[in-house]
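Undergrad: quick one, fold the following:
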Amino acid sequence: MKYLIYIVAYNAQDHISGVLERIPADYRNNPEYCILISDDCSSDATSKIAFETCKKLGFKHFNIFRTKVNQGYGGNQKIGYRYACDNNFDYVILLHADGQYPPEELPAFVAHSKNAPDVILGSRMLEKKNALRGGMPIYKFFSNILLTKIQNALTGTNYSEYHTGYRAYAISFLKAIPFELNSSDFDFDTDILLQAKILNKKITEFPIVPRYGDEICHVNLIKYGLNILKISLKFRLQILGIGCSLKFRGSKQFAYKKKGPFKYSTHHHLLDIISTKKPKRILDITAGIGPLTEPLKKQGIEITGIDRNDRQENYYDNFYKADIESFDWDKLTGKPYDMVCLLEILEHLKEPEDLLIKLKKHPLLDNALFIISIPNTAFFIIRINMLLGRFNYADRGILDIDHKRLFTYSSIHNVLLECGYKVNKTIPVPPPFELLGTNFISRKIKDLFHYLAIPLPGLFAFQVITIAYSIPVAIDVYKPYEDYSLNIRQ
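TA: Below is the predicted model:
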């Protein structure tokens, strides 16, 4: 494998030589290990001394950059990671030029990389005595512990520390994340660990002993602490479906979450409808009920699914892998369907009316009952935010950034009527508070919203389920008589 040892430097003329001298001699003339030093617009002789030291020590594979404008700690990392991605490396190892992190541990990073982790952390806090033994100031020691505990609680992680600057990243991981959208300040390191978390990447930690000396700390600790807590809280909210940062895209639940056990949920109501209507054949468009099909099939119900992803294909008796907006409806053959499920799909389409009209015209769906669910964009919290001038998309939920159309309780009625459907019943669905934790409080709050949504669905319904059926068009009604009259004339 090929490794880039990336040394970030800023006004480090007093320490850069010592760091380079401590890099194992085996790495100095080995084409598998390249040194890249990025001097972030230092006002001293960092670049000059680094070059002279590399030549003196016999480094054969090294390069030195000097930025014209200071990029910041995170911005400087972006330069090196882009270089690593563009030059066919397998791993990049981040090393600081101030000598705080031991270059002698570079072989440990290489050894851990053999197990193909996405992120490798050299941790000062995995064995806490190491931090104190290396001279970490007491205030930094306890601040590190406290901030890491809070961040772990907010983000669902279990790192020994968030704040080590001694790291290695697999290039395959860096290519999978938008690291150039991350902060250019010291909270870059938190951003990238959260990106690893959201993509369920493999992370390895091993203990190191730092070396604190006379180096100058350029971190504003109060600003840094507030920034990392702020971004950790934003990450937590995005996981819950509140807000959307492009650097954390991926918190969406790609497989449709099973909500059947949740009281008043979309799936809960759907199961009740199926129990009452007793359909024999169901068409599930975009596989919205996938996890619920097993008990339904035991009741003798035949279920057909259509979706562009085949993750849930095994749930269905029949399955068509296709994009619903370009699906050839002539391929849908067999016996007529009694029920069509369109759960949380219309809002993702450019032309939902086009799909509704195609379904209405399909001969196998003439007598089908349509079960349609949509998020209610006029939910009272969104109304309040708009009153205050805020309209923030999220990675999922009502304002999912992937939504192409927005609906309300009344607008979905109008769309269905214009497309030739008659609404039989509307069911308001309260917010899924169980996703915040299944407990007494979440259940009672959900009960409250359920009862508020009954008289005021447009205001308090988080989602709306509409039960509708298609109205026969004139030619459908007239055609049998036309055929009969032709027979009479003959």
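
Undergrad: so where is the stretch 201-350 of the chain shaky, pLDDT-wise?
TA: The stretch 201-350 of the chain contains residues with pLDDT under 70 at 241-243, 250-261.

Undergrad: try it again at 80.
TA: Within the stretch 201-350 of the chain, the stretches with pLDDT under 80 are 213-219, 239-246, 249-262, 291.

Undergrad: can you pull out the helices in it?
TA: 221-239, 266-277, 293-298 (DSSP state H, counting those that start in this stretch).

Undergrad: please enumerate the helices of the stretch 1-150 of the chain.
TA: Going by DSSP H, counting those that start in this stretch, the stretch 1-150 of the chain shows helices at 16-22, 46-57, 72-86, 106-113, 129-133, 138-155.

Undergrad: the helix or strand just after the longest one packs against which elements?
TA: Following the chain from helix 138-155 toward its C-terminal end, the next helix or strand by DSSP states H and E is strand 167-170. Secondary-structure packing of strand 167-170 (3 or more C-beta pairs under 8 Å, 6 or more residues apart in numbering; DSSP states H and E): strand 91-96, helix 106-113, strand 119-123. For the C-beta atoms, the positions are set from N, CA and C on the backbone; glycine is no exception.

Undergrad: swap in 7 Å and give it another go.
TA: In this structure, strand 167-170 packs against strand 91-96, strand 119-123, with contacts taken as 3 or more C-beta pairs under 7 Å, 6 or more residues apart in numbering; DSSP states H and E.

Undergrad: as TSV, the helices of the stretch 1-150 of the chain with distance to Asp191 would be great.
TA: TSV is the format used below for the helices of the stretch 1-150 of the chain (distance: least, C-beta to C-beta, whole Å):
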stretch	distance to Asp191
helix 16-22	25
helix 46-57	26
helix 72-86	8
helix 106-113	21
helix 129-133	23
helix 138-155	11
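
Undergrad: switch the ones you listed over to CSV; also include mean pLDDT, mean neighbour count and distance to Thr164.
TA: CSV is the format used below for the helices of the stretch 1-150 of the chain (pLDDT from 0 to 100; neighbours: other C-beta atoms under 10 Å; distance: least, C-beta to C-beta, whole Å):
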stretch, mean pLDDT, mean neighbour count, distance to Thr164
helix 16-22, 96, 20, 16
helix 46-57, 96, 18, 23
helix 72-86, 96, 19, 13
helix 106-113, 98, 18, 12
helix 129-133, 93, 16, 10
helix 138-155, 95, 15, 9
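
Undergrad: and those helices: which comes nearest Pro207?
TA: When the helices of the stretch 1-150 of the chain are compared by C-beta to C-beta, helix 129-133 sits nearest Pro207, at 5.7 Å.

Undergrad: domain parsing for this protein?
TA: Using automatic domain parsing, the domain ranges for the chain come out as 3-246, 266-476.

Undergrad: quick one: the last one to chain centroid distance?
TA: With C-alpha atoms, centre = their mean, to the nearest Å as the basis, the distance from the averaged C-alpha position of domain 266-476 to the chain average is 23 Å.

Undergrad: likewise for the longest one?
TA: Centre-to-centre, domain 3-246 and its host chain are 23 Å apart (C-alpha atoms, centre = their mean).

Undergrad: wait, Cys341 touches Ile371, no?
TA: Yes - here Cys341 reaches Ile371: they are 5.0 Å apart, a contact under C-beta atoms under 7 Å.

Undergrad: where exactly do the strands run in the stretch 301-450 of the chain?
TA: Listed in chain order, the strands of the stretch 301-450 of the chain (DSSP state E, counting those that start in this stretch) span residues 302-307, 318-321, 339-343, 369-375, 421-429.

Undergrad: report the buried residues of the longest one.
TA: It stands for strand 421-429. Using 16 or more other C-beta atoms under 10 Å as the test for burial, strand 421-429 gives 421, 426-429.

Undergrad: just the shortest one next, same as before
TA: Judged by neighbour count (16+ other C-beta under 10 Å), strand 318-321 contains these buried residues: 319-320.

Undergrad: what helices or strands is that strand leaning on?
TA: Using 3+ C-beta pairs under 7 Å, 6+ apart, strand 318-321 sits against strand 302-307.

Undergrad: keeping just the C-alphas, turn the strand it packs on into PDB.
TA: Written as PDB, here are the backbone C-alpha positions of strand 302-307 (Å, rounded to 0.1, in the frame of the first residue of the first chain):
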ATOM      1  CA  GLU A 302     -50.700 -11.600  -2.700                       C
ATOM      2  CA  ILE A 303     -48.500  -8.500  -2.700                       C
ATOM      3  CA  THR A 304     -46.700  -6.900  -5.700                       C
ATOM      4  CA  GLY A 305     -44.000  -4.300  -5.200                       C
ATOM      5  CA  ILE A 306     -42.500  -1.700  -7.500                       C
ATOM      6  CA  ASP A 307     -39.300   0.100  -6.600                       C
END
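
Undergrad: packing partners of it?
TA: By 3+ C-beta pairs under 7 Å, 6+ apart, strand 302-307 packs against strand 281-285, helix 293-298, strand 318-321.

Undergrad: the same query, at a cut-off of 10 Å, please.
TA: When contacts are defined as 3 or more C-beta pairs under 10 Å, 6 or more residues apart in numbering; DSSP states H and E, strand 302-307 sits against strand 281-285, helix 293-298, strand 318-321, strand 339-343.
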